[in-house]
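Asks: below is the structure, and that's it, no one-letter string:
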């Protein structure tokens, strides 16, 4: 388990919520996505828009996402999201997200992403390439 | 495994897609959610807006959602989504979703939802109650 | 006023609605956008994803959007959207949208879009170019 | 013209952007909506979730929204949004929004909203009621 994490607070907006008055589930996956970008910016010192170019990749596409919704998040709630890379594998990695409200976990999530370059055999596709050790080191 | 499933086709819209030209992941969870409503409508003959009232529940809140993104879905792709209840438990159930493009699976997902009524001990909360056998029967 | 219009029905989804139980305003602009694509497909016989390539343009970017919200659209409502090009100008055009529920107008909207090619002086930018008469003719 | 305004900076997220790499138009209406809530919080000292209860209203529903998109906002851009009430009328008001990127106006927008209570004649509906002078004073 890496020890580098990124933490951010935000308020639950009116437009995030559904007729039950709580955050609609797809929004949590937006929150996860954006916090992964911010986690990488914090660890690597590279702004989200420069990540691909800086490391010679096409991007970090998502191949798996999960959310467990333990407590509802309501309009106006102050939410804290904490994200970290739970595991680096050869060419993919898993980001863990935890959203808490009032100190209690409301949502636990994870994303599996690939460190991806253009596939030399088929330039319309992406394929995973080894994650540089220098990148992994920044998350320790 | 239940055998009742709901199938629908839709086109990937411009607004569903991200700068990589493919569907942004949170949109798939919107597609899952809506297809669960339509699955229940097809099985039970009750429109989404009447589901809670008809069965004396507050709703079918989501407690877990997962997506595996196997192939990208692009602007203008014709997508087919097929959903079914994979398992009914006492007061919760799991919906499985499969989105295919051109006959190939692009996304696999699942949702765990609760058959929920107001909690008598705390009316601000919901709690799972037994799913009626008559409901479960309609999915066979 | 052109006479060609595109009409479509859809149901208001749970995820479209806010804590007041009605469609959150930004969703209407998604509905407008998608119906403009479908209007062009219906008039020109070209799928949305092929529009730019077929006509040698970069796209039809939006420069102005408006919505008037006359009646709320609620979860489960059956909505009818009708869209047409209200005016073609030299290199831009105005699309009018009307969303009705139960036969009554719920939302009126408009979009101004540009028929845009890459700017020869600055390839990172787009600029309007004359809309072909053959395109305009298809909307009569 | 009131002189009280609310200003906030935010980054354009990956999930805000479309295949052209720029913010999809519906997102701007989300930004407008949330900044109106924050403007009212800043002026009145009442959190968004407490606004209705504090002033004995049902809410501030939107009846008209407009956006002019002058320059594209791209992934990773630092955006500044400034919002103010351009006019208070008897029971409605107009909020003006300006989003700038790098000091240049990218989007201009406006919202017309109603200071709304439940309609005594039809409790399923809302109707505008006079905006208290004490509210209006806080925006001067």
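Replies: Right, received. Where do you want to start? This is a predicted model, so every value here is computed, not measured.

Asks: when you work out contacts or count neighbours from here on, use the C-alpha atoms and nothing else.
Replies: OK.

Asks: which elements pack onto the helix or strand of chain A with the lowest mean pLDDT?
Replies: Counting by mean pLDDT, DSSP states H and E, chain A has its least confident helix or strand at strand A:122-128, which shows a mean of 90. In terms of contacts (3 or more CA pairs under 8 Å, 6 or more residues apart in numbering or on different chains; DSSP states H and E), strand A:122-128 is packed against strand A:116-119.

Asks: for the strand it packs on, which residues meet the burial criterion?
Replies: For strand A:116-119, a neighbour-count test (16 or more other CA atoms under 10 Å in any protein chain shown) marks A:116-118 as buried.

Asks: what's the closest of those residues to residue D:45?
Replies: Distances from residue D:45 to the buried residues of strand A:116-119, taken as CA to CA, are shortest for residue A:116 (47.3 Å).

Asks: all strands of chain A, in order?
Replies: Assigned by DSSP state E, the strands in chain A fall at A:5-11, A:62-69, A:78-88, A:92-101, A:104-114, A:116-119, A:122-128.

Asks: distance to residue A:54 added to these, as JSON lines?
Replies: What follows is the strands of chain A, written out as JSON lines (distance: least, CA to CA, whole Å):
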{"stretch": "strand A:5-11", "distance to residue A:54": "21"}
{"stretch": "strand A:62-69", "distance to residue A:54": "19"}
{"stretch": "strand A:78-88", "distance to residue A:54": "19"}
{"stretch": "strand A:92-101", "distance to residue A:54": "18"}
{"stretch": "strand A:104-114", "distance to residue A:54": "16"}
{"stretch": "strand A:116-119", "distance to residue A:54": "13"}
{"stretch": "strand A:122-128", "distance to residue A:54": "17"}
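
Asks: lowest-confidence stretch among the ones you listed?
Replies: For the strands of chain A, mean pLDDT drops lowest on strand A:122-128, to a mean of 90.

Asks: which other residues reach it?
Replies: Counting by CA atoms under 8 Å, 6 or more residues apart in numbering or on different chains, strand A:122-128 makes contact with A:58, A:91-92, A:114-119, all of which sit outside it.

Asks: residue B:106: which of those is nearest?
Replies: Nearest to residue B:106 among the contacts of strand A:122-128, with distances taken as CA to CA, is residue A:114, at 16.4 Å.

Asks: chain A against chain C: which residues are in contact?
Replies: A:14-22, A:24 (CA under 8 Å from any CA of the partner chain).

Asks: any chance of the residues you listed in CSV, plus neighbour count?
Replies: Converted to CSV, the residues of chain A next to chain C look like this (neighbours: other CA atoms under 10 Å in any protein chain shown):
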residue, neighbour count
A:14, 23
A:15, 24
A:16, 24
A:17, 26
A:18, 25
A:19, 19
A:20, 18
A:21, 18
A:22, 21
A:24, 26
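
Asks: next, name the residue at the spatial heart of chain A.
Replies: residue A:36 (2.8 Å; CA atoms, centre = their mean).

Asks: next, the angle from the lengthiest helix in chain A to strand A:104-114.
Replies: Longest helix in chain A, counting residues (DSSP state H): helix A:25-44. Orientation check (axes from the mean of the first three to the mean of the last three CA atoms, to 10 degrees): helix A:25-44 against strand A:104-114 gives 70 degrees.

Asks: what is helix A:25-44 packed up against?
Replies: Partner elements for helix A:25-44 (3+ CA pairs under 8 Å, 6+ apart): strand A:5-11, strand A:62-69, strand A:78-88, strand A:104-114, helix B:25-44.

Asks: could you measure from residue A:101 over to chain D?
Replies: 15 Å (CA to the nearest CA, to the nearest Å).

Asks: just the pLDDT at the residue nearest to the centre of chain A, thanks.
Replies: 98.

Asks: check contacts around residue A:7.
Replies: A:80-83.

Asks: quick one: which of those residues is most hemmed in?
Replies: residue A:83 (23 neighbours; other CA atoms under 10 Å in any protein chain shown).

Asks: beta partners of that residue?
Replies: Applying DSSP bridges to residue A:83 yields these beta-bridge partners: residue A:6, residue A:97.

Asks: neighbours of the nearest residue to residue A:39 once chain neighbours are set aside, how many?
Replies: Counting by CA to CA, 6 or more residues apart in numbering or on different chains, residue A:39 lies nearest to residue A:6, which is 5.1 Å off, once chain neighbours are set aside. Neighbours of residue A:6 under the rule other CA under 10 Å: 19.

Asks: for residue A:42, same thing?
Replies: 18.

Asks: my guess is it contacts residue A:6. True?
Replies: Yes: with contact defined as CA atoms under 8 Å, residue A:42 counts as touching residue A:6 (7.0 Å).

Asks: beta partners of residue A:128?
Replies: Note on residue A:128: beta-bridge partners residue A:116, judged by DSSP bridges.

Asks: which bits of chain A sit near chain B?
Replies: By CA under 8 Å from any CA, the residues of chain A that approach chain B are A:25-30, A:62-70.

Asks: out of the residues you listed, who's nearest chain D?
Replies: residue A:30 (6.7 Å; CA to the nearest CA).

Asks: now stretch A:47-56: mean pLDDT?
Replies: 95.

Asks: first to last residue in that stretch, what's the distance?
Replies: By CA to CA, to the nearest Å, the extent of stretch A:47-56 from end to end equals 14 Å.

Asks: same question for stretch A:65-81.
Replies: Start-to-end, stretch A:65-81 (CA to CA) is 16 Å.

Asks: flag every buried residue along it.
Replies: Within stretch A:65-81, the residues that count as buried by 16+ other CA under 10 Å are A:65-81.

Asks: relative to residue B:58, how far out is residue A:124?
Replies: For residue A:124, the distance to residue B:58 (CA to CA) stands at 47 Å.

Asks: who has more neighbours out of those two?
Replies: residue B:58 (18 against 8).

Asks: I'd guessed that one sits against residue B:116; true?
Replies: Yes: contact criterion CA under 8 Å: residue B:58 and residue B:116 qualify, at 5.8 Å.

Asks: look up the closest residue to residue A:66, ignoring the ones flanking it.
Replies: Spatial nearest neighbour of residue A:66, excluding adjacent residues (CA to CA, 6+ apart): residue B:66 at 4.3 Å.

Asks: who touches the one you found in this structure?
Replies: A:64-67, B:109-111.

Asks: at 7 Å instead, please
Replies: A:65-67, B:109-111 (CA atoms under 7 Å, 6 or more residues apart in numbering or on different chains).

Asks: ok, residue A:129 next?
Replies: Applying CA under 7 Å, 6+ apart to residue A:129 gives the contacts A:91, A:115-117.

Asks: check residue A:44 too.
Replies: residue A:138.

Asks: residues contacting residue A:8?
Replies: Residue A:8 is in contact with A:80-82, counting by CA under 7 Å, 6+ apart.

Asks: at 10 Å what do you get?
Replies: If a contact means CA atoms under 10 Å, 6 or more residues apart in numbering or on different chains, then residue A:8 has A:35, A:38-39, A:79-83, A:99 as its contacts.

Asks: quick one: buried residues of the least confident helix or strand of chain A?
Replies: A:126-128.

Asks: gap between that strand and the chain center?
Replies: With CA atoms, centre = their mean, to the nearest Å as the basis, strand A:122-128 stands 22 Å off its chain's centre.

Asks: quick check: angle from that strand to strand A:104-114?
Replies: 130 degrees.

Asks: quick one: strand A:122-128 to strand A:92-101, angle?
Replies: 60 degrees.

Asks: what's the local residue count around the nearest residue to residue A:84 once chain neighbours are set aside?
Replies: Leaving aside its chain neighbours, residue A:84 sits nearest to residue A:5 (4.5 Å; criterion: CA to CA, 6+ apart). Residue A:5 has 20 neighbours, counted by other CA under 10 Å.
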